[in-house]
Structure formats: C-alpha cells, structure tokens
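Asker: generate a structure from the sequence data that follows.
(2 chains)
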Number of protein chains: 2
Amino acid sequence: MSKQLWRNNLINITPYVAGEQPKGDNIIKLNANENAYPPSPKVRQILDSYKPEDMRRYPSADALPLREAIAQRNGLSIDNVFVSNGSDDVLATAFRAFFNSERPIVYPDITYSFYPVWCELLKIPNRTVPVKDDFHIDAQSLYGEGNGGVVFANPNAPTSLGESREFVKDVLEHNKDCIVIADQTYVDFADKGIDCLDLINEYDNLIVTHTFSKSRSMAGMRLGVAFGSAELIGYMLAVKDSYNSYPVNRLSIETGVASVQDEEYFQSTLKKIVATRENVSAQMKQLGFEVLKSQTNFLFVTHPQFAAKAIFEYLREKGIYIRYFNKPRIDNYLRITIGTDEEMSQMIEQIKAFMNK
Amino acid sequence: MSKQLWRNNLINITPYVAGEQPKGDNIIKLNANENAYPPSPKVRQILDSYKPEDMRRYPSADALPLREAIAQRNGLSIDNVFVSNGSDDVLATAFRAFFNSERPIVYPDITYSFYPVWCELLKIPNRTVPVKDDFHIDAQSLYGEGNGGVVFANPNAPTSLGESREFVKDVLEHNKDCIVIADQTYVDFADKGIDCLDLINEYDNLIVTHTFSKSRSMAGMRLGVAFGSAELIGYMLAVKDSYNSYPVNRLSIETGVASVQDEEYFQSTLKKIVATRENVSAQMKQLGFEVLKSQTNFLFVTHPQFAAKAIFEYLREKGIYIRYFNKPRIDNYLRITIGTDEEMSQMIEQIKAFMNK
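Answerer: Residues are numbered from 1 along each chain as shown, chains lettered A, B, ... in the order given. Alright, predicted model coming up:
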C-alpha cells in the first residue's frame, strides 16, 4: 500500500479485527454477565402494540418517559435521573461533564476496563490505586485533596466484591472537592447495605450509575442510567444535548419503561439468580475453589491446585464460555456468569471432569 | 448555592433546559425533516416475530447483520460499511478516526450545525469557507494542501441544494492528502448524478455517510451508516470498539435489515415525497416565494415581501411547525419539511391567509 499523506492523520490505533463470537445451539455462554432469564413479559406487550409509524419521528430528546418511570420507581424527581445509550455512554458522558481539572482522577487498579479508555479519549489525567490483598477496595487510597475525581464500581468487577454504603460515605467525606462516581452496575444482585443511591440526597457531588444490561435482562437494548443532584444531572443533559443528540431510540425507551414498571417480575428474577449463585458458590468451594463473596451475577474464583487458564481452555473446548483475564494480580482467577441452574450444573460437571483427568 | 470547589471541574457549558416540544393531535410537524410516511411494513413483521428473551444478550458488537444487508443492497463488501447509533454518532466517530492533524479541517459556513460541535469536543482545529451567493458550495474554497480534512453535506442542509458527483470528484482531486467526508443524509431524495457513493472505489480517502432517519422513516431507531475503503472502515470500527462498545441495539439492527431489504416500498415512498415536493415548490413560487432547487425532503424558501420570521411565527400559532434559523445570511429563509399532500395543503392555506391579512 502506497504511503499517502492522509494516513498521517489517522488515529493512532490498531484497526479492528472482529473477535470470534461463540455461536451454536450447544454453547453455554457465561462470559458477559448477561442475565440468565428473559426481560419482563410486559416487553412482549410493548412490541405487540407498538406502531411502527412512530419510528419516523425522532425520539424524545431526553428520554422523558423512561426517566419518569425510573424516578417514580426510586422515589426521586425526574431531575435526578439521566438516561443514555448503555452505561458506557452514561459513564463517558459523566467523565466529560465532571472531570475537567488538571488533577488526576483516581480509580482502583482492578476494576472496569473502560475507565482508562475514556480518560485517554478525553485526555483526563488519571491514577490507579491498588485494591487490598483480599481484593476489597481500600477507602483510604481514594482519599485526597489532590483528586480531580473518583470513580469505582460497587459491587466491583471482575472481583464480584461489594463495599458497604458506609465505605461510600467515607470516600465522599474525604473527597468534598471533586465528583465521586459510584458505578452500581451490579447492585441489584447485592445484599442490603451496599446500595448507596439514597446518598445523592446528602452529597451533591455524588453520581450513581446503573444499567439495564444485567439485572433487567436488556443488554441488547442499550440502556444506562445516572442518578445525582438536579445540578449534576443538568450538566450531563447539557453534554448529551450538545455533543450527541437523540441517543436513546424509541423502542429501548418503551421497553425500558415496561421493565421498570414490572417490579414483581424483576424481584423474582433477582431471587432466582441469587439462589443459583449461592448454590454454585457452595458447590465450587466443595471442589476446593476459593470463591470470593459475590454481590453480583457472577463468581470470581481461583483454585490452589489447578491453573485458571487451563480450566478456562478446557471449558471452552466443551462449549462453555467463561472469562479469563491475563492481567497482573488476577491471572489465576476466573469470572463465571451465573446462568440457569441447568447451565451451572453442566459447568460443574465439566469442571469435575477436568479435575479428574 | 454555596461555591463548592468541585464546581470548578464542571464542563464549561450551560446546563440544559428542555425546549418546548410541540404536542397534540392537531399539530403539523414540518420542522425536523422526518419522513411523511411510515417505515416498511416488514418492520411490523420483525416486531411480531421478535423474541424478547434475545434482549438479554449484548448485540452483535459490530452490527454484522445490518452491515451485511446494507453491503448487499449497494453492491459492496461488508468491509466497506460501518453502522452506528445515528449519523451523528457515525460522523463523530469519523472525526475521531480521521481528523488528527494540526491542520484545520474545512467545511462550508452554511451547513449542518454539529460539525463545529464535534471539532470543539475533540479539539480539532477547523475553518469555515463561505458558500456562494446562490448558496451553492464553492468547490475551489475547499481546495488546499493545508487542509487537515474536508467535510460537507451533499445535498446540503438547510439550503436543500445538491452538488454534482463531478463536484465531489473535483474536491477529492484537490485534497489528496486528507480525508474527505461527503455527508449524504438527504441523497436518496436527490436527482441522479449527485450520489457519489461509487467514488469510494476510486478514492481511498473518501468517506460517504448516510442515515436511516430521513429516507427510511426510522429517525426513532437511531441508525447511521458510513461507506469507505476497507482500510478507513477498519479505523472507524477500531474507534467504536475502543471507546464505545456495543452501540447499536438489537431491535434497531433487526428492523434496519427489514427496511433495507424492502426496496420496492422504499422507492415508492421516495417517489411520493419527491412528487409532493415538486408540487409544493410550484405552488410556493406562485405565491411569490423564491424556492431553492431542492434535492432533499425539505424546501428552503424566502419571500421578497414577507419576513421569514413573521411567517414562521404565524404558522406556529396555527399549529404548523416549520424551521427558522436566526443566523447570518439565512435569517430571512424558512426550512419546510415535505409532509403528506394533506399537510402541505393546510400549510399553503395558512400561508395564503397570512399574506392576505
């Protein structure tokens, strides 16, 4: 290929080559923390009654009907709720709105892998702090008058561990001069006492994020949420309105509303997943695994005798996809999404087969 | 409100206050260039047969089924097609991928208002060049060895004017050292000889963008497209994959495929809109309006005796919403979306009433 000058202006990035996506009827997919169960049956009713002629109109610019339903469900005002195209989009919008100082924003070394990516995209100085040896986040490591912002996932991924509401309060008390983002992607699967959503009424520098991709079984529809003071949410709406107009499509809004309004189904699904999680956790401990105390819809495990990578590869050969991270500190751990009881039994059987080889 | 230090780090932007959205059964909405007709009836079939349980899975990361359908429809390879969450998202991704030099990118002074916004967001130096007195784009003004990139809408908005395929070729011949983006949002409504999509086979520094929001009646589903050489599309996929994972939701992909595969319905809708446009254009000329030669689904008009702003306000009082821009050079013009024949008759009647006051 001739070296044309316009190539000098291309972004400095490796062109994308699509990864292998597992397909087929016999696959068990436990590698993306997707929900084991379908969304609320009310979603089907929305599709049945939806008039395609409405598609010709742009959606509500600020996803009003969905923000209204979410506010109502959580006893908040619509001014406290921001909605966008998946929680990645929500978090990127928050980074753009709130992290504009010369000071570094701070986040744990083991956490969601997109935080450093948005820092790079938006040229935000940043600094990681190590999680403790037991993988819990060290609140004191997030203290600091020099912080340009703080972001952490709680419960955290891929560790599956949760920190208490008091932990979040502690971090807030020591970060009065910057915005703190608590990414609560997995909080619906957690014990009581972890959710810190109510703290937005007490701390006007707190943003709490959520997603429809995990507990609401709607990863395919791309819906994420941020909660915060009316002032902070106003800035997020301004960023969205200025840089990325009309982001949430009509059917995601409508089906999202249906999901939020079906609390009973939501709770019953959560209960099933938590029960399976506790059951699988106990079985894996019996097999000698160290299983971190999960507050999520996945387990983070390691085994003193068997290499994580070998287990991962063995299961993949058997059509069972779990997640292995070749990264410092966690390269002998596995992240396993909680599927149905049937899927988990098959996985346990294959792990037993591997161990008895 | 007390001046807390974290406020220093907020983005420098005016918090958003939602604008008045026209609502009600008697409203005629001709202000967003939405399509007058519903999308393909095949979209209804997709909703009928869609299994909500599929929503629990993340979508195809690179919108594969839709890229395939679009490639096939246009006689291209899937490697030439990029799809994302509305053409705003497509254009922002292209800006991020291709405009990374210290040299300014160049675009006409009267054009789509988001180009300068993304330049600001991504800190891209930029420079506008005036369109000619007749509002056509001056090809020579886009020439230049110093360009960091070129972007123009063709047909252009809000002018409604189209430039020929030869114009695009001319611009390309004089911009061999940077990426040229031809934003073809409205091209499906244009005469033959304007579409330059085939030039991507000849110029590997050309990106052509499209949208489902206008000609395909799917503004509500947020789908935009870019075409280009496999090399350029590879960079756009890399940017999307790196900064904004999983952007197009499952139902937009599926309904988009249905639309692309219904060529007959698509052509019949275009034909109706173009016929209405020509008819309304003739009627408005009879009323003394100067009507620019539209290659789009809207008209750009001015009247020598009546102030555009006064007409705009009169129609709004009557529940007919068109667009008025209080901007240099075009502040005595109106942009009027082509609705149904019935809607346009009502608008013409009200304009007559205004003129006879």
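Asker: what sits against the nearest residue to A:Val83 once chain neighbours are set aside?
Answerer: Leaving aside its sequence neighbours, A:Val83 sits nearest to A:Ala63 (CB to CB, 6 or more residues apart in numbering or on different chains; 4.2 Å). Where you see a C-beta, it was placed from the backbone N, CA and C, and this is true even at glycine. Listed by CB atoms under 8 Å, 6 or more residues apart in numbering or on different chains, the contact set of A:Ala63 reads A:83-84, A:248, A:253.
Asker: with A:Phe152 instead?
Answerer: A:107-108, A:111, A:137, A:142, A:163, A:171, A:181-183.
Asker: also A:Asn147?
Answerer: Applying CB under 8 Å, 6+ apart, we find A:Asn147 in contact with A:103-106, A:175, A:177-178.
Asker: the biggest helix by length in chain A and chain B in contact?
Answerer: Looking across chain A with DSSP state H, the single longest helix is helix A:263-286. No - using CB under 8 Å from any CB of the partner chain, we find that helix A:263-286 stays clear of chain B, coming within 10.1 Å at best.
Asker: can you name the element that comes right after that helix?
Answerer: Downstream of helix A:263-286, the next assigned helix or strand under DSSP states H and E is strand A:290-291.
Asker: strand partners (parallel or antiparallel) of that next one?
Answerer: Here strand A:290-291 has these sheet partners by DSSP bridges: strand A:298-302 (antiparallel).
Asker: quick one: contacts of the strand it pairs with?
Answerer: By CB under 8 Å, 6+ apart, the surrounding residues in contact with strand A:298-302 are A:30, A:33, A:135, A:157-161, A:277, A:280-281, A:284, A:289-292, A:294, A:308, A:332-338.
Asker: hang on, the earlier thing: export the contacts of A:Ala63 to CSV and tack on pLDDT?
Answerer: Output for the contacts of A:Ala63, formatted as CSV (pLDDT from 0 to 100):
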residue, pLDDT
A:Val83, 95
A:Ser84, 93
A:Val248, 87
A:Ile253, 94
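Asker: of those, which is the nearest to chain B?
Answerer: Nearest to chain B, judged by CB to the nearest CB, of the contacts of A:Ala63 is A:Val248 at 7.8 Å.
Asker: would you confirm that that closest one contacts A:Met221?
Answerer: No - A:Val248 lies out of contact with A:Met221 (CB atoms under 8 Å); the separation is 9.3 Å.
Asker: need the residues touching each of those two.
Answerer: Residues touching both A:Val248 and A:Met221 (CB under 8 Å, 6+ apart): none.
Asker: wait, A:Asp188 sits on A:Lys214?
Answerer: Yes - the pair A:Asp188 and A:Lys214 qualifies as a contact (CB under 8 Å) at a distance of 7.3 Å.
Asker: run through who's touching the helix or strand where A:Glu343 lies.
Answerer: Here A:Glu343 is covered by helix A:341-355, with elements defined by DSSP H and E. The contact list for helix A:341-355 (CB under 8 Å, 6+ apart) reads A:28, A:30, A:36, A:276, A:279-280, A:283-284, A:287, A:306, A:310-311, A:314-315, A:318, A:320, A:322, A:336, A:338-339.
Asker: now do the contacts for A:Gln305.
Answerer: Counting by CB under 8 Å, 6+ apart, A:Gln305 has contacts A:Gly288.
Asker: that one: what secondary structure?
Answerer: Classification of A:Gln305 by DSSP: H, G, I helix; E, B strand; the rest coil places it in coil.
Asker: give me the pLDDT for it.
Answerer: According to the prediction, A:Gln305 has pLDDT 97.
Asker: how about the one 3 residues further on?
Answerer: The predicted local distance difference test score for A:Ala308 is 98.
Asker: that one is in contact with A:Leu334, isn't it?
Answerer: Yes - contact status for A:Ala308 versus A:Leu334: in contact at 4.9 Å, counting by CB under 8 Å.
Asker: picking that back up, buried subset of the contacts of strand A:298-302?
Answerer: Among the contacts of strand A:298-302, those buried by neighbour count (16 or more other CB atoms under 10 Å in any protein chain shown) are A:30, A:33, A:135, A:157-161, A:277, A:280-281, A:284, A:289, A:291-292, A:294, A:308, A:333-338.
Asker: hmm, back to that, and the helix holding A:Glu343 with helix A:263-286, angle?
Answerer: Computed by axes from the mean of the first three to the mean of the last three CA atoms, to 10 degrees, the angle separating helix A:341-355 from helix A:263-286 equals 10 degrees.
Asker: need the CA coordinates for helix A:341-355. CSV is fine.
Answerer: What follows is helix A:341-355, C-alpha atoms only, in CSV (Å, rounded to 0.1, in the frame of the first residue of the first chain):
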residue,chain,number,x,y,z
ASP,A,341,-29.4,-24.0,37.3
GLU,A,342,-29.2,-26.3,34.3
GLU,A,343,-26.3,-24.4,32.7
MET,A,344,-24.4,-24.2,36.0
SER,A,345,-24.8,-28.0,36.6
GLN,A,346,-23.3,-28.7,33.2
MET,A,347,-20.4,-26.4,34.0
ILE,A,348,-19.8,-28.0,37.4
GLU,A,349,-19.8,-31.4,35.8
GLN,A,350,-17.2,-30.3,33.3
ILE,A,351,-15.0,-28.8,36.0
LYS,A,352,-15.2,-32.1,37.8
ALA,A,353,-14.2,-33.9,34.6
PHE,A,354,-11.3,-31.6,34.2
MET,A,355,-10.1,-32.2,37.8
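Asker: and stretch A:298-315, end to end?
Answerer: End-to-end distance of stretch A:298-315 (CA to CA, to the nearest Å): 16 Å.
Asker: typo on my end, stretch A:316-325
Answerer: 14 Å.
Asker: and the stretch 101-250 of chain A, which residues reach chain B?
Answerer: Checking the stretch 101-250 of chain A against chain B by CB under 8 Å from any CB, the hits are A:101, A:114, A:117-118, A:121, A:123, A:148-149, A:176-179, A:204-205, A:213, A:217-222, A:231, A:234-235, A:237-250.
Asker: let me see the contact set for the residue most central in space within chain A.
Answerer: A centroid search over chain A (CA atoms, centre = their mean) returns A:Thr185, at 3.8 Å, as the residue closest to the centre. Contacts for A:Thr185 (CB under 8 Å, 6+ apart) come out as A:87, A:112, A:153, A:155, A:157, A:209-211, A:213-214.
Asker: what about the closest residue to A:Gln261 other than its chain neighbours, neighbour count?
Answerer: Among residues not flanking A:Gln261 along the chain, A:Ala69 sits closest, at 6.0 Å (CB to CB, 6+ apart). If you count neighbours by other CB atoms under 10 Å in any protein chain shown, A:Ala69 ends up with 20.
Asker: so A:Ala69 lies in a helix, does it not?
Answerer: Yes - A:Ala69: assigned to a helix according to three-state DSSP.
Asker: give me the domain ranges for chain A.
Answerer: With domains defined by automatic domain parsing, chain A comprises A:17-39+A:264-355, A:42-261.
Asker: out of these, deepest packed?
Answerer: Of all the domains of chain A, domain A:42-261 has the most neighbours on average by mean count of other CB atoms under 10 Å in any protein chain shown, namely a mean of 21.
Asker: how near is A:Phe189 to chain B?
Answerer: 15 Å (CB to the nearest CB, to the nearest Å).
Asker: can I assume that residue is in contact with A:Gln295?
Answerer: Yes - A:Phe189 lies in contact with A:Gln295 (CB under 8 Å); the separation is 6.3 Å.
Asker: anything in contact with each of those two?
Answerer: Listed as contacting both A:Phe189 and A:Gln295 by CB under 8 Å, 6+ apart are A:Pro155.
Asker: hey, where'd the helices end up in chain A?
Answerer: Remark: helices assigned in chain A by DSSP H are A:42-49, A:64-73, A:87-98, A:115-122, A:165-173, A:230-243, A:250-260, A:263-286, A:308-317, A:341-355.
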